[in-house]
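>>> model the following, please.
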Amino acid sequence: MKQWWKEAVVYQIYPRSFNDSNGDGIGDIQGITEKMSYLAELGIDVIWLSPVYDSPNDDNGYDIRDYRAIMDEFGTMDDFDAMLEEAHRHGIKIMMDLVVNHSSDEHQWFMESRSSKDSPYRDYYIWKKGKDGQPPTNWGAFFGGSAWQYDEASDEYYLHLFSKKQPDLNWESETLRREVYDLMTYWLDKGVDGFRMDVINMISKDPSYPDGQTQGTGYGDGTPFFFNGPRIHEFMQEMNREVLSKYDTITVGEMPGVSVEEAKLYTGEDRNELNMVFHFEHVDVGNGSFGKWNPTDWKLTELKTIFSRWQEGLEEEGWNSLYWSNHDQPRAISRFGNDSTEYRVRSGKMLATLLHLLKGTPYIYQGEEFGMTNVAFDSIDQYRDIETLNAYRDYTSKGLLTHDEIFRGIHERGRDNSRTPVQWSDEAHGGFTTGTPWIEVNPNYVDINAEAARRDPNSLFHYYRQLIALRKANPIVVYGKYELLLPEDEAVYAFTRSFEGETWLVLCNFSDETQQRELRYDVKERVIGNMEPIEAFTLRPYEAQVYKL
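Residues are numbered from 1 along each chain as shown. Modelled structure (predicted):
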């Protein structure tokens, strides 16, 4: 079935790092409004706005203190309303970040919950007695340490799957669920167009709370007991029934550990849950024994297998979301392409071609459209991400990784790679701020910036514009069937898209060597690519070509 959100291109804004309008070194809402014409020029349809709610900033806004207020650093509700109006004036929709697996420990609900076992808010959170002087389970938290925090006043522990300042909400409480649906309705009534839902497949926990298998960190793996838990589809259908079904929304659920079969349940059109999900399989290729902190080599065939499983699995049921990078992932070109001076732009074009020519809704992360890269800070003191700082402390203090080993992981995969400020120009701090930025700007801003890219007709920025325009003009890009070619090829990713009697061939060279492949097709015309078709298709290093057959 045709839907506007299938045809859209989404652009993620991480407000803290996007554009600072007042010189305090922190990106803000007025800074987003200032760049709305830039986003309209790019051609995107939807902004996914990372959290702008009132927050103590333990996890950069993903710890929410008040779901109906704007963080002071980002501006006011009037600023938000003006930004929303400006976006809509440009034909751009706004998708808010909904963070309701957990709140901040400074949220009024939690302060009330903690105040007394008899508080009416006690069951808004997950409180348990300890076992033999130990936490209720052996689960480890994603940001290090135990997933349980002891509360001396009540002699109980509360669950926090992330930071101890991010206590998990108890979705078993109907009253809590009503509160969540009310705050969703508040934003939709204000005019926002949908929600990206943070770790939403973790909201239902196994009520028996078993111990998990012990990991190298010494803590247990609790994920089998809270990924896609026993009541998750009941909760999602209730949310849809009570809120989402009453509005024309775009929804995507962030879902670590989700399978294709589970995704069909979350996104099937007759299921009345969500439009699409974010899975993590492709961004986890090359994980080592300690996940991303000691990365290993990966193969193109791994990437093909993962993408193809999702493309084919959701062909008839559900819908894919397509992304290389976001605020939790490193920069796409550094991660999957080649960020050298020679190949940065060409590999960026190749990665963009592959992503936008797959079937699903593509997501662009801020700065991706002109080729921002990872940053390699020298000192741990230059990093700001709580996950990175905790991992460095835990892995080095326990002797699991040396300083050099974990710094390799941080440089390749740490979250601050995507959180350095957007490089708008070659002015000081990349034109992001007139003040001192909250995290240092990547020094390569002198050469890599939006202003330079917009001036160059052959730049990655204008290539993204071309891809987005291609999507709008050709239904095959949105609705065409995917078929993988050359499945065992470790250098070239080749596939076709077919729709209503039309077929396109997509060729992407992931290597730094010229590749020739013989594919028996009659070519009508070239859509993307610098070379005329010959007997064998020739791809320069990191080149992409697209042909109508």
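>>> what sits against Leu300?
Applying Cβ atoms under 8 Å, 6 or more residues apart in numbering, one finds that Leu300 lies in contact with Asp489, Glu490, Ala491, Tyr493, Phe510. Any C-beta I mention is one placed from the backbone N, CA and C, and that applies to glycine too.
>>> please pull out the lowest mean pLDDT helix or strand from this protein.
strand 525-528 (a mean of 84; mean pLDDT, DSSP states H and E).
>>> in a strand, Trp109, correct?
No. With DSSP: H, G, I helix; E, B strand; the rest coil as the criterion, Trp109 is located in helix rather than a strand.
>>> the residue nearest to it when sequence neighbours are not counted: neighbouring residues, count only.
Nearest residue to Trp109, sequence neighbours excluded (Cβ to Cβ, 6 or more residues apart in numbering): Tyr124, at 4.9 Å. Residues near Tyr124, counting by other Cβ atoms under 10 Å, number 22.
>>> then the one 10 residues further on?
A total of 12 residues lie near Gln134 under the criterion other Cβ under 10 Å.
>>> pLDDT score assigned to it?
Looking at Gln134, its pLDDT stands at 95.
>>> okay, now the unreliable bits of the chain?
529-535 (pLDDT under 70).
>>> select the longest helix from it.
helix 174-190 (DSSP state H).
>>> ok, which stretches of the stretch 301-450 of the chain are helices?
Using DSSP state H, counting those that start in this stretch, the helices of the stretch 301-450 of the chain run over 332-336, 344-357, 386-397, 403-413, 450-455.
>>> now do the longest one: everything it contacts.
Identification of contacts with helix 344-357 by Cβ under 8 Å, 6+ apart yields 9, 322-324, 332-333, 336-339, 362, 368, 371, 373, 448, 459-460, 463-464, 467-468, 470-471, 477, 493, 495, 497, 504, 506, 508-510, 528, 540-544, 546.
>>> narrow the residues you listed to those in strands?
Of the contacts of helix 344-357, the ones assigned to strands by DSSP state E are Leu322, Pro362, Tyr493, Phe495, Arg497, Trp504, Val506, Cys508, Asn509, Ile528, Ala544, Val546.
>>> list the contacts of the nearest residue to the third one once chain neighbours are set aside.
So that's Tyr493. Closest residue in space to Tyr493, ignoring its immediate chain neighbours: Cys508 at 4.4 Å, by Cβ to Cβ, 6+ apart. With contact taken as Cβ under 8 Å, 6+ apart, Cys508 is in contact with Met350, Leu351, Thr353, Leu354, Val492, Tyr493, Ala494, Leu539, Glu543, Ala544.
>>> quick one on the thing from earlier: which SSE is immediately downstream of the longest helix of the chain?
For helix 174-190, the following helix or strand on the C-terminal side (DSSP states H and E) is strand 194-197.
>>> quick check: closest non-adjacent residue to the residue most central in space within the chain.
Residue closest to the mean C-alpha point of the chain, counted by Cα atoms, centre = their mean, is Asn326 at 3.9 Å. Spatial nearest neighbour of Asn326, chain neighbours left out: Tyr365 (5.2 Å); criterion: Cβ to Cβ, 6+ apart.
>>> likewise Leu485?
Ala494 (4.1 Å).
>>> number of nearby residues for the closest residue to Asp97 other than its chain neighbours?
Spatial nearest neighbour of Asp97, chain neighbours left out: Pro51 (4.7 Å); criterion: Cβ to Cβ, 6+ apart. Residues within reach of Pro51, counting by other Cβ under 10 Å, total 26.
>>> what of the one 5 residues further on?
When neighbours are defined as other Cβ under 10 Å, Pro56 has 15 of them.
>>> ok, now Arg455?
Count around Arg455 with other Cβ under 10 Å applied: 10.
>>> what do you get for Asp404?
Around Asp404 there are 7 residues (other Cβ under 10 Å).
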